[in-house]
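1. 3D, please:
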Amino acid sequence: MPMIAVDTQFGRLGIVEEEGAITQLVWDGEDQGEATPLLTEAAKQMAAYDNGKLETFDLPLRVEGSQMQRDVCDAMLAIPFGYTRTYGELAKDLGYSAQSVGQGCGGNPIPVIIPCHRVMGARGLTGFSGKGGVEMKVALLRHEGAAGLLI
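-> Residues are numbered from 1 along each chain as shown. Predicted structure coming up:
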């Protein structure tokens, strides 16, 4: 599976394509295989996001996993740039427990593009499964202008 690596303020992010869809984002990724037109576009969009010129990615995405995992990822995609929602709010909307939503966020295979960093606990900031943990979550939220929500 081809991967394109993009250097960002959040580290080197590897974007993976399988069968015409983005399926994974990995921290400390490296270029692998040939850069397809989709990967080239994904890299362009990631660079624009990193430079503050893109708020919403427009890429074909495919999340492998359970229906719950796909539902949680779809709900995260609906959270606008610069905003956050809680695990409990998503759980209520989806009909799952907050714990299940948390597991779905943690299992997000395409972080940043599918913005799991925009999901918070009922009492504020919680962990982040990406490299750098909660500090990376804070950096992503600051980048999006949502840092005021952290106070």
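2. what's the burial count for the spatially closest residue to residue 131 that is not a sequence neighbour?
-> Distances taken as C-beta to C-beta, 6 or more residues apart in numbering place residue 27 nearest to residue 131, at 3.6 Å, with adjacent residues excluded. For the C-beta atoms, the positions are set from N, CA and C on the backbone; glycine is no exception. Using other C-beta atoms under 10 Å, residue 27 has 16 other residues around it.
3. How about residue 95?
-> Considering only other C-beta under 10 Å, residue 95 is surrounded by 9 other residues.
4. Please name every helix or strand in contact with the lengthiest helix in the chain.
-> Assignment by DSSP state H gives helix 37-50 as the longest helix of the chain. Helix 37-50 makes packing contacts with strand 3-8, strand 11-18, strand 21-27 when contacts are defined by 3 or more C-beta pairs under 8 Å, 6 or more residues apart in numbering; DSSP states H and E.
5. for the record, mean pLDDT for the longest one?
-> The reference is to strand 11-18. If you average the pLDDT over strand 11-18, you get 97.
6. sorry, back to before: any chance of CSV for the helices and strands packed on helix 37-50, columns distance to residue 33?
-> Compiled in CSV, the helices and strands packed on helix 37-50 are given as follows (distance: least, C-beta to C-beta, whole Å):
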stretch, distance to residue 33
strand 3-8, 7
strand 11-18, 9
strand 21-27, 13
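7. Which of those sits closest to residue 47?
-> strand 3-8 (6.2 Å; C-beta to C-beta).
8. what residues does that closest one touch?
-> Residues from elsewhere that reach strand 3-8 (C-beta atoms under 8 Å, 6 or more residues apart in numbering): 12-17, 26, 29-33, 35, 39-40, 42-43, 46-47, 49-50.
9. So among those, which ones count as buried?
-> 13-17, 26, 29, 35, 39, 42-43, 46, 49-50 (16 or more other C-beta atoms under 10 Å).
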